[in-house]
Structures are given as C-alpha cells and as structure tokens.
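Engineer: below are the sequence and a predicted model for it; my questions follow.
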Amino acid sequence: MTETNPFVESPERTDLRASVAALGNKYGAEYFRECAREGRKTDELWTEAGKLGFIGVNLPEEFGGGGAGMYELSIVMEELAAAGTSLLMLVVSPAICGNVIARFGTDEQKQRWLPGLVDGSITMAFGITEPDAGSNSHNITTTARRDGSDWILGGRKIYISGVDQAQAVLIVARTEDAKTGRLKPSLFIVPTDAPNFEYKQIQMELQNPEKQFLLFLDDVRLPADALVGSEDAAISQLFAGLNPERIMGAASAVGMGRYALDRAVEYVTDRTVWKTPIGAHQAIAHPLAQGKIELELAKLMMQKAATLYDAGDDWGAAEPANMAKYAAAEACVKIVDHAVHSMGGNGLTSEYGLAPMLSLARIARIAPVSREMILNFVAQTSLGLPKSY
C-alpha cells in the first residue's frame, strides 16, 4: 500500500498550480492595475481562466466542471493573486454560489446555472450583508413572502461584489414560519435583470476592477423555482457557502502576500547602499522572513480547511476556515506594509505598483468577516467562552 504525504501536493495539483501561475503571469499586475484605473473589467483573464477549466475546477464534471474541490479552487485563487491578478469574483461565483447550487439546487437549477458558472460565461454574485445587519446575519430584514406559487422579495443589501458583471445574485432572505411567526433564512436566485431589482455602485478608495454595490429589491417577483434547496435548511446551506468564502479569502490574502514579498525580495536583493544590498541587513531581512513564515502557516491552515470541506465535513471545516482567513489576513497586511517600507519612497510610486496593495490588503482583515468576529467564533466555539453579545 502506497502512503501519500499530506504535506506534498499531488502531481495533478502541482501541475494546476503551475498552469494557473502561467496564466496569471501572462496578464500580470500591470494589466490588473490598468483595468482598475480605466474602469474596465478583467474580462479577458476571466474568459481565458474559464476556457482553461480553472473557474469551475471545484464543480461537478457532469456540468463541465473539474470535479475537484475547494483545495483546487484555492490554488487557482492563490496563484492568480500571487501574479498580481487576484479575481474577487472567484470567491463569490464558483466558491459560494456554485457550491451551494451544486449541493442543494434542483436538477433544473443545476442545468440552468452550473455550466455557465463552470466556464465563466455566467457570473453570480452573493447578497447577504445589509445596512443594519453586517456581522449579525440574524438581523437580516430582506424578506420573501409567497404570492400564489411565486415569491415576492423586498429589502436592501450593501457591499455586494460584482453585481454589474453578474447575471444573477444569490440572495439571503427570510421567510416566515406560518406555525411560529418567526423569520428564518432562505436562499433565492435573483436575475439581475428582474423587474424592481436595482443596484447602485458604492464609491470606494480602492484600485480594483471589481466594484461594490447597494442592492434594492422592491417587491421583486420570482417563480417558485428561484428558491434554492429547502426553505427550512438555509443555515446548513449557508455553511456550504460561507466556509468556501473564508477559504478563498485566505487564498487571496496568501497570494497577495506572496506577490508583495516577491517584489520586496527582488528590490532589496538588488538595491545597494554603501557596500552591500540592503537585503543583507537584518532590519530589512527579518520582517520579510517573518512574513514568509506567517504566510506559510496560514496556507497550511487554509489547506486543512479545504481538505475537511472537500471531505464533506462542513462543521469540521468551520474552525480552520476561520483561522486560515484570520491568519492569512494578518500575514498579508504585515508583509505588504514591510514590502512597501523596505522599498522606501519607491514603495509608494506607481512604477513599482505596491502602494495600492496597502488598501487592498486591508480588505482581508475586514471582509468577508472581520478579524474580531473570527476571534469571537474561536473564543466561543473552540474555547467554550461565553458570548458578550
């Protein structure tokens, strides 16, 4: 019997990593920055990634996907981010929406949406956050009520990514339990061209091609089959989407951190002041070495989370997924700051391209869940401490 080494990636995963890295480097960070500056989307990169099978690598083969899992999709995200071409919609479209529909959708929903999500011809956004229900999803007020066989949705969402490039949004709404009168969450696929569905861009101080939006649902009428899965099981269905969201957030942060670290190492190896390259000085070298260590530790936790998720252990994946997202965000923010600082004034120039990462890296601490809420989760779930809220 041949034993596999859990710390050495299989040849298939190694090949995937190399192929994605080649695609990311083909376009490069300057392409990404030009798209952001000019208000263009990274459509060329997205389309080619879809044709190569990268976007749908985690989705079922019967719908054209790669039949792999979140481990493989996290490779795609990490390597694109490490090339300076991070694609936020990878977190949302195949990871959250694709996984939820693949696991809980009807046969008709799978046939309608999954082939397009696989090849990138369909992009789906995800709407959970509301103006008065940020970290507290129990306060969601977007509601869905029955009208004959139809559903009527009403409410508001905020900080919803990529709605302008999406054909639909997977909306978290609340239906009323006729027996108890209590509201409970359910998931609905809402086409972005549906009547009474509107969105407005939020102006952000971020250099990113993918934008954030406010959503307005004013009695949006949907057919009965817009409901994904069971009306009574949305909490478990949300786990199927939110664990991948955290895994992909970690992958993005690890990739961004790698990109910044590589640029800094190149610079300090070449930059000579007095007689030696500045990278020989411990004040420069040690923070970069520490960043390398912290990125690798975060990556291991991310891979653990992806492995558990792919094995079908949603609850078991929750702790490492949250820990990975926390650790990767902290490592990324620190290494980007050290990278910029090690380059001195050059770190703030457009030529070297690291300055925009100061704000982009910060997103990893804030979204999709803040580091404080992750600490709350670990304190209460892992340590058994009482809640303060």
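Structural biologist: That came through fine.
Engineer: what ranges do the strands span in the chain?
Structural biologist: 124-127, 143-147, 150-161, 168-176, 183-191, 197-202, 212-222, 227-228, 272-273, 276-277 (DSSP state E).
Engineer: right, and the ones you listed - which one's nearest Asp15?
Structural biologist: Among the strands of the chain, strand 124-127 comes nearest to Asp15, with 28.0 Å by CB to CB. Every C-beta, even on glycine, is put in place using the N, C-alpha and C of the backbone.
Engineer: what's the average pLDDT for the closest one?
Structural biologist: Averaging pLDDT along strand 124-127 yields 97.
Engineer: same question, stretch 354-372
Structural biologist: Here the average pLDDT along stretch 354-372 is 95.
Engineer: pull out the buried positions in it.
Structural biologist: 354-358, 360-365, 367-369, 371 (16 or more other CB atoms under 10 Å).
Engineer: who's in contact with that stretch?
Structural biologist: 33, 36, 86, 91, 135, 159, 205-208, 242, 245-246, 249, 252-253, 256-257, 259-260, 263-264, 322, 325-326, 328-330, 332-333, 336-337, 339-340, 343, 347-349 (CB atoms under 8 Å, 6 or more residues apart in numbering).
Engineer: span of that stretch from start to end?
Structural biologist: Taking CA to CA, to the nearest Å, stretch 354-372 runs 27 Å from one end to the other.
Engineer: mind checking how far that stretch is from the chain centre?
Structural biologist: Mean-position distance between stretch 354-372 and its chain equals 12 Å (CA atoms, centre = their mean, to the nearest Å).
Engineer: quick one: low-confidence parts of this structure?
Structural biologist: The model of the chain has pLDDT under 70 over residues 1-4, 134-135, 137-138, 177-183, 232-235.
Engineer: which stretches of it form helices?
Structural biologist: With DSSP state H as the definition, the chain shows helices at residue ranges 11-38, 43-51, 70-82, 89-90, 99-104, 107-119, 234-270, 282-310, 314-342, 357-366, 371-377.
Engineer: looking at these, which is buried most?
Structural biologist: Across those, the average number of neighbours (mean count of other CB atoms under 10 Å) peaks for helix 70-82, which reaches a mean of 27.
Engineer: now do it and helix 234-270, the angle between them.
Structural biologist: 40 degrees (axes from the mean of the first three to the mean of the last three CA atoms, to 10 degrees).
Engineer: follow-up on the earlier one: out of the helices of the chain, the one nearest Asp150 is which?
Structural biologist: helix 107-119 (16.3 Å).
Engineer: which residues touch the closest one?
Structural biologist: 50-51, 53, 55-56, 59-60, 63-65, 93-94, 97-98, 101-102, 105, 122-124, 167-168, 189, 225, 228.
Engineer: only the buried subset of those, as a PyMOL command please.
Structural biologist: Burial among the contacts of helix 107-119 is assessed by 16+ other CB under 10 Å; the matching PyMOL selection reads:
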select buried, resi 50+53+55+56+59+60+63+64+65+93+94+97+98+101+102+105+122+123+124+167+168+189+228
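Engineer: tell me the contacts of the nearest residue to Met248 once chain neighbours are set aside?
Structural biologist: Closest residue in space to Met248, ignoring its immediate chain neighbours: Val91 at 4.1 Å, by CB to CB, 6 or more residues apart in numbering. Val91 is in contact with Met77, Ser161, Pro244, Glu245, Met248, Gly249, Ser252, Pro368, counting by CB under 8 Å, 6+ apart.
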